[in-house]
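Enquirer: below is the structure, and that's it, no one-letter string:
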Ligand SMILES: O=C[C@H](O)COP(=O)(O)O
Ligand SMILES: CC(=O)C(=O)O
């Protein structure tokens, strides 16, 4: 196990209540999308390898949005780890766990958030040295009740549930003692990204974080604030 992994992952997972899970279709959307999420209080971003240009997006965000902590998601093949690191990724997220993925993450010296769905998966992750885990797919793997049950035998494990989480159930997940944050795509809807509606993205993020103002949005978006700066986005 990489000795710094639990510290780094615990920091990342405690940094914000939601890790946006992003599949970015156009490289030019990556930076404004990242800025909009940061402005809404969500600086830890997972850019998934689900689009061919994902690593270009990581590179763009890593160099243009220093406030963001950008990682690569949908890490499913060990060779992706070094490519992610070279693009500027600061962590790796996978829907699952394998020996090869662990080796790849260690070779790249990147913190790794492996995906688990069962007690046996958790034991396997612990054997590999990981106690900060993604619970995926959260809703269809038993959701909140499953996390409560896993909290019995695995009281020291901390989870980032992902899959089927949105504005109506995220606070219930976040209230669990073994949940540090949740992952989800709802804060960056494809329709908002396609339309360049960054203020909507910031509003969805701020609806969870709750304390970000319009002036923050204009400041991070690099635009002039036409208002007083005190108006809430939501
Ligand atoms: O595959 C699912 C994504 O990782 C996130 O799930 P979601 O779209 O339900 O938030
Ligand atoms: C779902 C997930 O864990 C991922 O794409 O990284």
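Expert: Perfect, thanks for sending it. On a predicted model such as this, the values are computed, not experimentally measured, just so you know. Numbering: from 1, shown residues only. Ligands and ions are numbered 1, 2, ... in the order given.

Enquirer: tally of neighbours for residue 182?
Expert: Here the neighbour count serves as a burial measure; for residue 182 (other C-beta atoms under 10 Å) it reads 29. (C-beta placed from N, C-alpha, C; glycine too.)

Enquirer: next up, the contacts around it.
Expert: Going by C-beta atoms under 8 Å, 6 or more residues apart in numbering, residue 182 touches 17, 18, 19, 138, 160, 161, 162, 165, 170, 173, 174.

Enquirer: if you drop the residues flanking it in sequence, what lies closest to the fourth one?
Expert: In this case it means residue 138. What sits nearest to residue 138 in space, not counting adjacent residues and going by C-beta to C-beta, 6 or more residues apart in numbering, is residue 161, at 3.7 Å.

Enquirer: setting aside sequence neighbours, what's the nearest residue to residue 24?
Expert: Skipping the residues right next to it in sequence, residue 24 comes nearest to residue 57 by C-beta to C-beta, 6+ apart, at 4.7 Å.

Enquirer: and that neighbour, what is it in contact with?
Expert: With contacts defined as C-beta under 8 Å, 6+ apart, the neighbours of residue 57 are 22, 24, 27, 29, 30, 47, 51.

Enquirer: need the contact list for the first one.
Expert: To tie it back to what came earlier, the one meant is residue 22. When contacts are counted by C-beta under 8 Å, 6+ apart, residue 22 touches 33, 45, 46, 47, 48, 57, 73, 185, 188.

Enquirer: is the first one in a helix, a strand, or coil?
Expert: Spelled out, it's residue 33. Going by DSSP: H, G, I helix; E, B strand; the rest coil, the secondary structure assigned to residue 33 is helix.

Enquirer: isn't it right next to residue 25, touching?
Expert: No: judged on C-beta atoms under 8 Å, residue 33 makes no contact with residue 25 at a distance of 10.7 Å.

Enquirer: okay, the two: which has more neighbours?
Expert: Neighbour comparison, residue 33 and residue 25: the larger count goes to residue 33, with 25 against 15 (by other C-beta under 10 Å).
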